[in-house]
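In: Sequence plus predicted model, see below.
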Amino acid sequence: MDFLQAEIEKKRKQLASSAGGSNEGPQPKKYFRRGDVEKERERKYLEEQAQLEKEREEKKRKRIEEAAESERKAEQARKQRAQAKYESANPEIFSITEEEVTKRLREQSQPVRLFAESDHERKVRLRALVFIEERSEGHRNELARILKDMGCDVDLEALKKRATELDARDSAAKAIEQQEQAVEQSMAEEDPLIDLEDIKGNPAKVYRQIYTYFRILVGEWRRAMDERPDDIQRSRQGILAAETQRQSADFLEPFFTLLKQASLKEDMFPRVAEIAYYAQQREYMKANDAYLKLSIGNAAWPIGVTMVGIHERSARQRLHSPSGAHVLNDEATRKWLQAIKRCLTFAQTKYPPSDPSKLMG
């Protein structure tokens, strides 16, 4: 009887467990559809491909990082070799102390240290500045170079060189004085005042008068510089004025050569004659107008135009009129034109007109 009760209880528990399992979830299938099998296979295939793509990307990233690292190391080694070669080629820069670097940077009006700049980078920057200064030594303005030389430290070699230059300059000044005396003698024999009607009637006479006027004016300018008080001559402005006069005299030498040879261009000769004529009459405003017409011209195309279209038009011949910018011709012409303007400035201070309205601006 107990056995029967135990069997019944066992069967009851099995039925309860089977009933409870059916409520917890679906029973395992005894068959599968082909579509489900294909979806499962496709899912696994996509997962495998994604995993392979991820591995390939990881390998590619590692190769790029390794290549970049090797390139960085090679570039760093190249920079180190170049730096060592640069330092060995420029020991005068890289062997100096930091105080000397600071001093030399301040002498060149440069910042002592830039933001986040190392000591080595400061020396490299100083060497670059020295190199630029060496490269631009032959191209800088003459007055700037002269003033720079006067500010340098004086040594025996510089004094000898300066003495040689002064001797050469004195000999040149004596030669110029002799020329001025000869010009004054010729001026006493001939009327120095220019007549604009002689430009076409007697151009040789006008050439001589222009040469005489500017040669005497340059001599008076030089003597005015020498007659100044010593304190003014030694000042910075006095030195600059003297060097300006000396430079202008040098610039006018090609102009004097052209006047001696009577070989000024046909469109330039009348303008130069007008400048000298109005300067002699102390009409400096008109002289300045003639100078502007000579230097920059009043044409629509200052550098000159020879062809505008293919058809013949009215007033086409005006394109060739003598109104171009002769300051653009060449460097020598630009220099003696600039020297003529400086001579006019000196002339109106030496011989001022009675009417202030005739002065240049």
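Out: Sure thing, it's come through.
In: Can you pull out the low-pLDDT segments for the stretch 1-150 of the chain?
Out: 1, 18-31, 86-94, 134-150 (pLDDT under 70).
In: can you map out the strands along it?
Out: Counting by DSSP state E, counting those that start in this stretch, the stretch 1-150 of the chain forms no strands at all.
In: Which residue ranges of the protein form helices?
Out: 2-24, 34-89, 91-94, 98-107, 119-135, 142-150, 156-189, 198-201, 203-226, 230-234, 236-261, 269-280, 284-295, 331-350 (DSSP state H).
In: could those be laid out in CSV, adding distance to K358 and mean neighbour count?
Out: Every residue, glycine included, has its C-beta placed from N, CA and C. As requested, the helices of the chain are exported to CSV (distance: least, Cβ to Cβ, whole Å; neighbours: other Cβ atoms under 10 Å):
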stretch, distance to K358, mean neighbour count
helix 2-24, 121, 9
helix 34-89, 62, 10
helix 91-94, 58, 13
helix 98-107, 47, 13
helix 119-135, 46, 14
helix 142-150, 30, 13
helix 156-189, 24, 11
helix 198-201, 22, 13
helix 203-226, 17, 18
helix 230-234, 28, 11
helix 236-261, 23, 17
helix 269-280, 9, 22
helix 284-295, 5, 20
helix 331-350, 8, 18
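In: Columns distance to R113 on top of those, output as a markdown table?
Out: As requested, the helices of the chain are exported to a markdown table (distance: least, Cβ to Cβ, whole Å):
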| stretch | distance to R113 |
| --- | --- |
| helix 2-24 | 79 |
| helix 34-89 | 19 |
| helix 91-94 | 16 |
| helix 98-107 | 8 |
| helix 119-135 | 6 |
| helix 142-150 | 25 |
| helix 156-189 | 32 |
| helix 198-201 | 65 |
| helix 203-226 | 44 |
| helix 230-234 | 37 |
| helix 236-261 | 31 |
| helix 269-280 | 54 |
| helix 284-295 | 47 |
| helix 331-350 | 41 |
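In: Which stretch among these approaches S357 most closely?
Out: Closest approach to S357 among the helices of the chain is made by helix 284-295 (7.3 Å; Cβ to Cβ).
In: And that closest one, what does it pack against?
Out: helix 269-280, helix 331-350 (3 or more Cβ pairs under 8 Å, 6 or more residues apart in numbering; DSSP states H and E).
In: From the rest of the structure, what touches the shortest one?
Out: When contacts are taken as Cβ atoms under 8 Å, 6 or more residues apart in numbering, the neighbours of helix 269-280 outside the stretch itself are 192-196, 199, 203, 206-207, 209-210, 213-214, 264, 284, 286-287, 290-291, 293-294, 340, 344, 347.
In: got it, and stretch 249-262?
Out: By Cβ under 8 Å, 6+ apart, the list of residues contacting stretch 249-262 reads 176, 203-204, 207, 210-211, 214-215, 218, 221-222, 264, 332, 335-336, 338-340, 343.
In: one more time with 10 Å, if that's ok
Out: Under the criterion Cβ atoms under 10 Å, 6 or more residues apart in numbering, residues 142, 172-173, 176, 179, 203-204, 206-212, 214-215, 217-219, 221-222, 263-265, 268-269, 272, 330, 332-340, 342-343 lie in contact with stretch 249-262.
In: pLDDT on it, on average?
Out: What stretch 249-262 shows for mean pLDDT is 88.
In: In PDB, list the C-alpha atoms belonging to it.
Out: Taking Å, rounded to 0.1, in the frame of the first residue of the first chain, the C-alpha atoms of stretch 249-262 are listed here in PDB:
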ATOM      1  CA  ALA A 249      77.200 114.400 -56.200                       C
ATOM      2  CA  ASP A 250      78.000 110.800 -57.100                       C
ATOM      3  CA  PHE A 251      74.600 110.300 -58.600                       C
ATOM      4  CA  LEU A 252      74.900 113.400 -60.800                       C
ATOM      5  CA  GLU A 253      78.200 112.200 -62.500                       C
ATOM      6  CA  PRO A 254      76.300 110.200 -65.200                       C
ATOM      7  CA  PHE A 255      74.100 113.200 -65.700                       C
ATOM      8  CA  PHE A 256      77.100 115.500 -66.200                       C
ATOM      9  CA  THR A 257      78.600 113.000 -68.700                       C
ATOM     10  CA  LEU A 258      75.300 113.100 -70.700                       C
ATOM     11  CA  LEU A 259      75.400 116.900 -70.700                       C
ATOM     12  CA  LYS A 260      79.100 117.000 -71.900                       C
ATOM     13  CA  GLN A 261      78.200 114.600 -74.700                       C
ATOM     14  CA  ALA A 262      74.900 116.400 -75.400                       C
END
